[in-house]
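>>> Here's my sequence, what's the structure:
(chains A and B, ligands or ions: 2)
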Amino acid sequence: METTAERVLMKGNEAIAEAAIRAGVRAYFGYPITPQSEIAEYMARELPRRGGVFLQAESEVAAINMVYGAAGAGARVMTSTSSPGISLMQEGLSYLVGSELPCVIINVMRGGPGLGNIAPSQADYFQATKSAGHGDGRNLVLAPATIQEAADLTALAFELADRYRNPVMVLTDGITGQMMEPVTFRADTPPAREPPPWATTGAGEGPVRLINSIYLEPEALEHHNRRLVEKYRRMQSEVRYEAYRMEDATVAVAAYGLVARIARTAVDRARARGLRVGLLRPITVYPFPSAAFAEAAGRVAAILTVEMSAGQMVEDVRLAVAGRTPVRFYGRLGGAIPTPPELVAQIEALAAEVSAR
Amino acid sequence: MKAVFTRPQSLTETPMHYCPGCTHGVAHRLVAEVLDELGIRGRTIGVASVGCSVFAYNYFNVDFQQAAHGRAPAVATGIKRVLPDRVVFTYQGDGDLAAIGTAEIVHAANRGEQITVIFINNAVYGMTGGQMAPTTLPGMRTTTTPFGRDVRVAGHPLHVAEMLATLKGVAYLARVALCGVAHITRAKRAIRKAFQAQLDGKGFSLVEVLSTCPVTWGLSPIEAVRWLEANMLPAYPLGEFVTSEGKERL
Ligand SMILES: Cc1ncc(C[n+]2csc(CCOP(=O)(O)OP(=O)(O)O)c2C)c(N)n1
Ligand code: SF4
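Ligands and ions are numbered 1, 2, ... in the order given. Next comes the predicted model:
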């Protein structure tokens, strides 16, 4: 594709790769897995001639550790994978968080557990949002609903990674990765970025620098972890969400990513039938927009959470509303995608139930 | 007055935590002397592994990254790919390199990754208290082979140098031992050649260093050196396996 084009038709995976290059990514390390391989293929084609490094690793385990090395050496770096690959990257993710290294990880989710299938899914939500590997780690998680947003959030992910010295994950799914939509890119020239002062660049005679996550003394590790916890608290200011037709809603639908897109159509159709329904869509799923849900809980009679999983984000919704309003769950599993008529039926049933009360 | 023996610039003054008689300290010193002699201290980045040498960064006066168990070659790859004009080395034990990190070392070597690997083979897991390593000798007692390593159960010792020597990306590969002055002198020469291969852009280089672990072997430092000579030297032949100039005497 022509890099100076204003608005182009692109696959989600390719838009993510192009957005990363324009955000100044210097190195990509990855291992093929469907449905995200186009990211690696795009990088293999484009990155070397646009000033970066592409390397296909021997495994996801190696790829994430290459990311660790390059991030520690001060480069803007990323990887991408899909669910089984994310499981393998958990080891490195924990080390990245522990050593406070900025990087971007794209997870184009597919069905699980185990080998599952290559159909779209949202069943990695717990793994993505609750724990960055073993230990007390956290990472920011951004969940795009369109291809334009996938590109924008990928660029944002690099900024946030640098701001917090922490890995940032873009959490999307096989459909968003595979479908095509028009997309406009932010910048043509990657922003200049000097290696941060803490990076192990082997540059000269000053004091030596160290990238490390081992603290043998319990007090020292506690201190380190408390500092990280304070950082996670600061990340709360990055909360992003979309409230759609929520002003007068009596029922709210909670959904993120691809499902939120389908839910939006369902909300419009239900509205056309006279139901006062709106959509609350987390864009950051960690940190979760809890305040927005708590506020909505005071206004709506019920919340319907829809996911392509057996019910994961619904736990965050329940925590946020703290019993102030009933929370129902509707999920499709194994790569099945909820349809607008299915969701309209769910909304109608819930609206009837709350108005009968 | 002329100084005849000083601390290498590439070593810090931090007292080492290694057990008395452990040859990790000797290996550290050899690497540091080579970095000094090649004048590359300021542009070298080391990668510490998991094992007794996890704190290597406390002793080397160079930039360092600490890597997950076995992943040092992947971490070094990430560093070297974004900083190709720097010198990058890993320092790994046998549990680290030859067990959990087998895939990473094989593929880094096969890619001809421009890094240098110092591979400490002490035939045992030191840090975790003397369990069997892939390099443990047949019949050797460890805490997880209490009746001696039975190759029918636990498999055979892994010969890392011989295995990696078959790979095209390897530019320099030698096995040396830290028993006695003559061997130590040869070990230093090999380490120097390994770094030189990287500086010359020739490819991947590795030096397997037969080392002692007196504590988990249950031997005194002197007995440990004798044990290495009597048991490890016959099992792990020394020498250069790959050189770019053709084999030379070390
Ligand atoms: C993923 C993981 N598994 C296991 C361990 C525990 N562990 C720490 S050191 C070590 C063995 C190291 O042995 P070796 O590489 O031979 O080095 P030495 O201690 O002998 O110097 C093990 C198994 C770990 N830290 N991480
Ligand atoms: S346990 Fe063995 S390898 Fe570890 S420091 Fe002691 S002697 Fe050295």
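>>> Where does chain A get nearest to ligand 1, which residue?
Checking chain A residue by residue against ligand 1 with C-beta to the nearest ligand atom singles out A:E91 as nearest, at 7.0 Å. Heads up, the C-betas are built off the backbone N, CA and C, glycines and all.
>>> these two touch, right, that residue and B:A68?
Yes: with contacts counted by C-beta atoms under 8 Å, A:E91 reaches B:A68, the gap being 5.9 Å.
>>> neighbours of the closest residue to B:Y57 other than its chain neighbours, just the number please.
Among residues not flanking B:Y57 along the chain, B:F64 sits closest, at 3.5 Å (C-beta to C-beta, 6 or more residues apart in numbering or on different chains). With neighbours defined by other C-beta atoms under 10 Å in any protein chain shown, the count for B:F64 comes to 26.
>>> how much space between the residue of chain A closest to ligand 1 and ligand 2?
23 Å (C-beta to the nearest ligand atom, to the nearest Å).
>>> contacting residues around that residue?
A:E91 sits next to A:61, A:64, A:133, B:68, B:71 when contact means C-beta atoms under 8 Å, 6 or more residues apart in numbering or on different chains.
>>> So which of these are in helices?
When these are checked against helices using DSSP state H, the ones located there are A:61, A:64.
>>> ok, and which of the contacts of A:E91 reach ligand 1?
Residues shared between the contacts of A:E91 and the neighbourhood of ligand 1: none [C-beta under 6 Å from any ligand atom].
>>> between the contacts of A:E91, which is closest to A:A19?
Among the contacts of A:E91, A:I64 lies closest to A:A19 (C-beta to C-beta), at 20.6 Å.
>>> For the residue nearest to the spatial centre of chain B, give the beta-bridge partners.
Residue closest to the mean C-alpha point of chain B, counted by C-alpha atoms, centre = their mean, is B:F119 at 2.1 Å. Partner residues in beta bridges with B:F119: B:Q92, B:E208, with DSSP bridges as the criterion.
>>> wait, isn't it in contact with B:L158?
No: using C-beta under 8 Å, B:F119 is not in contact with B:L158; the gap is 11.3 Å.
>>> which residues sit in contact with A:L171?
So, once contact is read as C-beta under 8 Å, 6+ apart, A:L171 ends up touching A:107, A:109, A:124-125, A:128, A:141-143, A:257, A:285.
>>> again, only using 10 Å
Taking C-beta atoms under 10 Å, 6 or more residues apart in numbering or on different chains, we find A:L171 in contact with A:86, A:105-109, A:122, A:124-125, A:127-129, A:141-144, A:153, A:256-257, A:284-286.
>>> A:A150 now?
A:10, A:12-13, A:15-16, A:19, A:106, A:108, A:142-144, A:170, A:172, A:176-177, A:181, A:183, A:257 are the contacts of A:A150 under C-beta under 10 Å, 6+ apart.
>>> ok, now with 7 Å
With contacts defined as C-beta atoms under 7 Å, 6 or more residues apart in numbering or on different chains, the neighbours of A:A150 are A:12, A:15-16, A:144, A:172, A:176.
>>> farthest-separated two in the residues you listed?
Within those, A:A15 and A:T172 form the most distant pair, 10.5 Å apart (C-beta to C-beta).
>>> What residues does chain A have near ligand 1?
For chain A, there are no residues in contact with ligand 1 under the definition C-beta under 6 Å from any ligand atom.
>>> Any regions of chain A where pLDDT drops low?
Per-residue confidence of chain A (counting by pLDDT under 70) places the weak regions at A:1-5, A:205.
>>> Please enumerate the helices of it.
Residue ranges of the helices in chain A, as given by DSSP H, are A:12-22, A:37-46, A:60-72, A:83-98, A:125-130, A:147-164, A:174-178, A:218-235, A:257-272, A:290-297, A:313-321, A:340-356.
>>> Ok, which of those comes nearest A:F54?
When the helices of chain A are compared (using C-beta to C-beta), the closest one is helix A:37-46, at 4.9 Å.
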